[in-house]
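Peer 1: Got a predicted structure plus its sequence, pasted below:
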Amino acid sequence: MLWPILGLLYCYLLVGQSAWGQQEPLPYDQTFGGDFALQSSLGRTLSLQELRGKVVVLTFGYTSCPDICPITLGQLGSVYKGLGDSASEVQVLFVSFDPSRDSSEQLKHYMDFFDSSFIGLTGTDEQVEKVADQYGVFYLRRDIGSAAGYTFNHTSYVYLIDQAGKLRTFYDLNEGSQGLITGVKSLLQVGAAQ
Amino acid sequence: MKPLLGLLSICVLALVFVSVDVLDADNSTSVSSGGISVQQGWVRAVPWVAKNTAAYMTIISSRTDNDQLLSASTPVAESVEVHRIVKTGRMMEMQRVDDLEIPAAGEVELKPGGYHLMLIGLKPVPAEGETVSLTLHFKAAGAPVVDLPVRRPAGY
């Protein structure tokens, strides 16, 4: 009578271990991603290639955005600080699709507020559009009759790029930061094991 | 038995004082005018180079008729507009709202990712910890002034 119960317990522990003990490896995004180079808040052109060996967390927006973009950057600041010592192996990039209002200097001061290690990027309209296309980012300049001037409708995902520069997946932080934290930690673990 | 009762009384009194403190903190921005009260308001702390920021609050009506928030003003911004974020498919869209309807005996929450007051043309950017004075112009309930703390939301 005891054996069926012990058998069930064994199965439970086995399933439990595979579900909780090991993380599924992150998939590779087969559609989007790729290298790019843009003018940075460091005062020079920065290419994604230069960041090989680091986990890159990439997002897009504009600094005149009063609600969604600072929320996303605030969440990224919180995630970044929560990584502790591992944070030095992660680089957060913010691409502005509003180059006429977001200079490199504007981006530098804006990034510093969230974390001084964050790098802002921009370029010509064409350069930014190309990078946005690579990552499946949509943005649309609109005039809504606001004293703030034009605004943008835009997607607000956060893209996770591995140490080899490959896009692995993306996250909607409106649903919380936990998925991103798990993804970043998973890449850091793989990186540490290599 | 008496010392035990004394101890209990102290605990109860302490709980009452703690509760009052918490309520005060929650309602620190509370203001009432003409059957409209504004609670739990705050302004998002933003980088000093930011041109705009957002104010959030809950507007509660005890009126028997609908009211409208027609406009708002503050000394720290050139203009204030009611905006809302709407998610259409994968896109986040910011829309300008001319008159914000406040339903009778109802409430409207202005919160991140939804309705918010956009403070445009900051002069200068209010720093974290400062207070922003905001006048809300309602169609029926008058023009209450609410003082909102400038802060970073929890988590960053």
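Peer 2: It's in. None of the values given here were measured: they were computed from a predicted structure.

Peer 1: Only C-alpha atoms from now on, for both contacts and neighbour counts.
Peer 2: Noted.

Peer 1: List the buried residues of the helix or strand encompassing A:S78.
Peer 2: Secondary structure from DSSP states H and E places A:S78 in helix A:68-82. Going by neighbour count (16 or more other C-alpha atoms under 10 Å in any protein chain shown), the buried part of helix A:68-82 is A:68-80.

Peer 1: Identify, from the residues you listed, the entry nearest to A:F60.
Peer 2: A:C69 (8.1 Å; C-alpha to C-alpha).

Peer 1: which residue sits closest to that closest one, ignoring its sequence neighbours?
Peer 2: Excluding the flanking residues, the one nearest A:C69 by C-alpha to C-alpha, 6 or more residues apart in numbering or on different chains is A:G61, at 5.8 Å.

Peer 1: With A:T124 instead?
Peer 2: Using C-alpha to C-alpha, 6+ apart and skipping the chain neighbours, the partner closest in space to A:T124 is A:P99 (6.6 Å).

Peer 1: now the one you found, what's its secondary structure?
Peer 2: Reduced to three states with DSSP: H, G, I helix; E, B strand; the rest coil, the structure at A:P99 is coil.

Peer 1: Could you check stretch A:187-194 and say which residues are buried?
Peer 2: A:187-188, A:191.

Peer 1: So among these, where is pLDDT lowest?
Peer 2: Across those, the smallest pLDDT goes to A:G191, namely 77.

Peer 1: Could you pull up the contacting residues of that one?
Peer 2: Going by C-alpha atoms under 8 Å, 6 or more residues apart in numbering or on different chains, A:G191 touches A:53, A:163.

Peer 1: Would you agree it falls within a helix?
Peer 2: Yes - counting by three-state DSSP, one finds A:G191 located in a helix.

Peer 1: Would you mind measuring from it to chain B?
Peer 2: Separation of A:G191 from chain B (C-alpha to the nearest C-alpha, to the nearest Å): 27 Å.

Peer 1: With A:K54 instead?
Peer 2: From A:K54 across to chain B, the span is 23 Å (C-alpha to the nearest C-alpha).

Peer 1: ok, now A:F118?
Peer 2: Using C-alpha to the nearest C-alpha, A:F118 is found at 13 Å from chain B.

Peer 1: That residue: what's it in contact with?
Peer 2: Applying C-alpha under 8 Å, 6+ apart, we find A:F118 in contact with A:91-94, A:111-112.

Peer 1: can you rerun that using 6 Å?
Peer 2: A:F118 is in contact with A:92, A:111, counting by C-alpha atoms under 6 Å, 6 or more residues apart in numbering or on different chains.

Peer 1: same thing with B:A140?
Peer 2: B:D67.

Peer 1: In three-state terms, how would it be classified?
Peer 2: Three-state call for B:A140 (three-state DSSP): coil.

Peer 1: Let's see the distance spanning stretch A:62-70 from one end to the other.
Peer 2: One end of stretch A:62-70 sits 9 Å from the other (C-alpha to C-alpha, to the nearest Å).

Peer 1: what's in contact with it?
Peer 2: So stretch A:62-70 is contacted by A:61, A:96, A:98, B:51-54 (C-alpha under 6 Å, 6+ apart).

Peer 1: so of the residues you listed, which ones are in strands?
Peer 2: Among these, the residues falling in strands (DSSP state E) are A:61, A:96, B:52-54.

Peer 1: Those residues into a markdown table, with extra columns for pLDDT, neighbour count and distance to A:T151?
Peer 2: Listed next are the ones in strands among the contacts of stretch A:62-70 as a markdown table, based on pLDDT from 0 to 100; neighbours: other C-alpha atoms under 10 Å in any protein chain shown; distance: C-alpha to C-alpha, whole Å:
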| residue | pLDDT | neighbour count | distance to A:T151 |
| --- | --- | --- | --- |
| A:G61 | 97 | 23 | 11 |
| A:S96 | 98 | 24 | 13 |
| B:N52 | 94 | 26 | 12 |
| B:T53 | 96 | 26 | 14 |
| B:A54 | 96 | 25 | 14 |
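
Peer 1: Alright, calling it a day.
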